[in-house]
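Colleague: turn this into a model:
(one chain, ligands or ions: 2)
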Amino acid sequence: MNNRIKKFLSYYKPYLRLFYTVMACALVGSGIALLYPLLTRYITKDILENDLSSALSQIYIVCGIMLVLVVIQNLCQFVVDYHGHKMGAMMESDMRRELFEHYQKLSFNFYDTQKTGQLMSRVTNDLLLLSELYHHGPEDYIKYFIKFVGAFIILFFINAKLTLAIFCFLPLMAVFALYFNKKVNIALRRNKDRIADINAQVEDNLSGIRVVQSFGNEDYEANKFHYENNRFLESRKNGYKSEAYFSTGMDIFVQLITITVIVFGGINIVHASLDLADLITFLLYIAYLIEPIQKLTHVTMQFQDGITGFDRFMEMLEIEPSIKDSSNAMELKNVQGDVQFQNVSFNYNGNNRSVLNNISLEINSGDYIALVGPSGIGKTTLCSLIPRFYDVNAGEVLIDGINVKDISLHSLRRNVGIVQQDVYLFAGTVLENIRYGKPDATKEEIIAAAKNANAHDFIIALPNGYETDIGQRGVKLSGGQKQRLSIARVFLKNPPILIFDEATSALDNESEKIVKESLEALAKNRTTIVIAHRLSTIRNAKRIIVLTDDGITEEGTHEELLALDRTYAHLYNMQFVI
Ligand code: ADP
Ligand code: MG
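Modeller: Ligands and ions are numbered 1, 2, ... in the order given. Predicted coordinates for the structure are as follows:
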């Protein structure tokens, strides 16, 4: 069996009992539905056409039976409606969790190429439709199959000719339905793409709403949005047009069939080959024959919706994280913090230009080194190879002599701490954000980390101290405060290897001074790589490494490099001799 089908069915597994119960109820409910016209026929034919003296009591008995059937049928319907939907929702929730967990594992190079809003659509809208299919799909098939086949057999036995007359219409009707059905489905699929585009745009816009307003670009953004919004609207209009054609056409067919039954039935009654009770039975069963075709769009729509949702779900699930544990991945223990790059070359996915070319660099445990070089040369990239955000194309990155590819990702990343220029804080309290560095940290540990990061004093001055809500991405804090929270977070994590990537570049002089103190406290007794834009901040580093287009071309102390009078001296003079 195709793997995707297998996977599709596998989500039923935890709920098989519920599934069988719901399907049994659908079966019983549809079976009972078939009986009402038969019972009506029994009243109109077998009771009313015979001895009327006992008719009333017989009618009461039949009506009593009908009432019992109504109760059973509706109990079944309740089970189908409630438990069926519940089952669908539980399956959907399982899938949503699976996809979210999968998202957590996908690598940086995947996210480099994706729009967040689109990824969100897959976890929300797409799966919503899928749960409908999981539940209604099998149930509808059972329901319509039983009704259609049952009605056909019953009518055929009552009057074969009239039944066949009705059946002349059905193929025509089916062809018509299939044609418009396809159109509706295409439109629906387009709708889904369009709404994902809208999601992506709204997400991007709201995340950057402050930039939008600071540029006064509200109208520009609104126009961009109108464009997407209109595309969605057009797509929906097209869909509705096809749907309207479809349902109007279907109604015409139903009316034609009804008229045919009345005309042919009338003729047959005149010729005494049919009686009035049979005609009534026919009229009552027409709906049962037509319903499956009428609901064809609905059912296939649901099917299509669900299947596209499932395909989109699987597309994501089938993307393997490009960076994952090797089969013999080991845990790092008692890390010293030696970091080595051996003939490392790297270029980003789908990008021919090589960012790093045959770089070799050795950093000893506890060293504090500075990495400088022109902007865009690959400093951030080089550092991102240590925690394996990306894998090298050639060469090796080693920690304590072990290739990072042989270390479990979890253990590798636990041992590397990064402080970046643009801090990402999560919506929530100060406490929660610091705790991110060590989820099981006690409050005392958190406060100690905040003190080490020079953050404690400003935190207790906040309206609710450690319980202060910092707003989405920490908007309620200043740049320096955010940076100190991010440093506290790393203090708590307590990794032996540190990377400061332009950690103070965005700060004013005063904040820079405080943050620098925090960083220096953090760096104590750890292997530290500092990428600095402001060269004044790394002047005292014992070892400065200069990265250029030709690789690492200079290395030494500030004075040595100035004396060399090459790239470093050039960068330094640009900053200070203006
Ligand atoms: P630096 O930190 O030295 O300023 P980076 O390491 O950030 O430079 O970038 C090095 C080069 O790689 C740049 O040309 C940049 O455009 C490119 N680059 C950086 N990140 C990515 C990415 N995620 N995908 C593709 N190219 C990237
Ligand atoms: Mg950088």
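Colleague: dump the residue contacts of residue 159.
Modeller: Contacts for residue 159 (C-beta atoms under 8 Å, 6 or more residues apart in numbering) come out as 268, 273, 274, 278, 282. Where you see a C-beta, it was placed from the backbone N, CA and C, and this is true even at glycine.
Colleague: of these, which is the most crowded?
Modeller: Within those, most neighbours by other C-beta atoms under 10 Å means residue 282, with 28 neighbours.
Colleague: that residue against residue 266, yeah?
Modeller: No. Judged on C-beta atoms under 8 Å, residue 282 makes no contact with residue 266 at a distance of 11.4 Å.
Colleague: quick revisit: just the ones in helices from the contacts of residue 159, please.
Modeller: 268, 278, 282 (DSSP state H).
Colleague: list just the nearest of the residues you listed to ligand 1.
Modeller: Nearest to ligand 1 among the ones in helices among the contacts of residue 159, counting by C-beta to the nearest ligand atom, is residue 282 at 69.1 Å.
Colleague: check that closest one and give its pLDDT.
Modeller: pLDDT for residue 282: 87.
Colleague: pull the most distant pair out of the contacts of residue 159.
Modeller: By the measure C-beta to C-beta, 273 and 282 form the most distant pair in the contacts of residue 159, at 13.0 Å.
Colleague: ligand 1 contacts on this structure?
Modeller: Listed as neighbours of ligand 1 in the chain under the rule C-beta under 6 Å from any ligand atom: 112, 348, 351, 355, 373, 375, 376, 377, 378, 379, 380, 381.
Colleague: residue ranges with poor pLDDT in the stretch 401-550 of the chain?
Modeller: The stretch 401-550 of the chain contains no residues with pLDDT under 70.
Colleague: again with the chain
Modeller: Applying pLDDT under 70 to the chain flags residues 1, 296-297, 350, 576-578.
Colleague: so how far is the one helix or strand residue 301 maps to off the chain centroid?
Modeller: Using DSSP states H and E, residue 301 sits in helix 296-317. Relative to its parent chain, helix 296-317 has a centroid offset of 15 Å by C-alpha atoms, centre = their mean, to the nearest Å.
Colleague: for residue 172, state which of the contacts of residue 159 is nearest.
Modeller: Distances from residue 172 to those, taken by C-beta to C-beta, are shortest for residue 282, at 19.1 Å.
Colleague: and the nearest residue to residue 473 once chain neighbours are set aside, how many neighbours?
Modeller: Nearest residue to residue 473 in three dimensions, chain neighbours excluded: residue 425, at 5.9 Å (C-beta to C-beta, 6 or more residues apart in numbering). Residues lying near residue 425 (other C-beta under 10 Å) number 23.
Colleague: how near is residue 449 to ligand 1?
Modeller: 27 Å (C-beta to the nearest ligand atom, to the nearest Å).
Colleague: what do you get for residue 415?
Modeller: Noted for residue 415: a distance of 22 Å to ligand 1, by C-beta to the nearest ligand atom.
Colleague: what of residue 68?
Modeller: Applying C-beta to the nearest ligand atom to residue 68 and ligand 1 gives a distance of 69 Å.
Colleague: try residue 525
Modeller: As judged by C-beta to the nearest ligand atom, residue 525 and ligand 1 stand 26 Å apart.
Colleague: let's verify residue 446: helix, strand, or coil?
Modeller: Going by DSSP: H, G, I helix; E, B strand; the rest coil, the secondary structure assigned to residue 446 is helix.
Colleague: for it, which non-adjacent residue is spatially closest?
Modeller: Nearest-residue entry for residue 446: residue 434, 5.0 Å, with adjacent residues in sequence omitted and distances by C-beta to C-beta, 6+ apart.
Colleague: now do the helices in the stretch 251-400 of the chain.
Modeller: For the stretch 251-400 of the chain, the helices defined by DSSP state H, counting those that start in this stretch occupy 276-294, 296-317, 379-384.
Colleague: what about the first one, distance to the chain center?
Modeller: I take that to be helix 276-294. Remark: helix 276-294 is offset 45 Å from the chain centroid, using C-alpha atoms, centre = their mean.
Colleague: let me know the angle separating it from helix 296-317.
Modeller: If you take axes from the mean of the first three to the mean of the last three C-alpha atoms, to 10 degrees, helix 276-294 sits at 30 degrees to helix 296-317.
Colleague: find the closest residue to ligand 1 in the stretch 1-150 of the chain.
Modeller: Closest contact between the stretch 1-150 of the chain and ligand 1, by C-beta to the nearest ligand atom, is at residue 112 (4.3 Å).
Colleague: and that residue, what is it in contact with?
Modeller: For residue 112, the contact set (C-beta under 8 Å, 6+ apart) comprises 348, 349.
Colleague: in this protein, which residue is closest to the centre?
Modeller: residue 123 (2.6 Å; C-alpha atoms, centre = their mean).
Colleague: neighbours of the closest residue to residue 356 other than its chain neighbours, just the number please.
Modeller: What sits nearest to residue 356 in space, not counting adjacent residues and going by C-beta to C-beta, 6+ apart, is residue 346, at 4.3 Å. Close neighbours of residue 346, defined as other C-beta under 10 Å, add up to 21.
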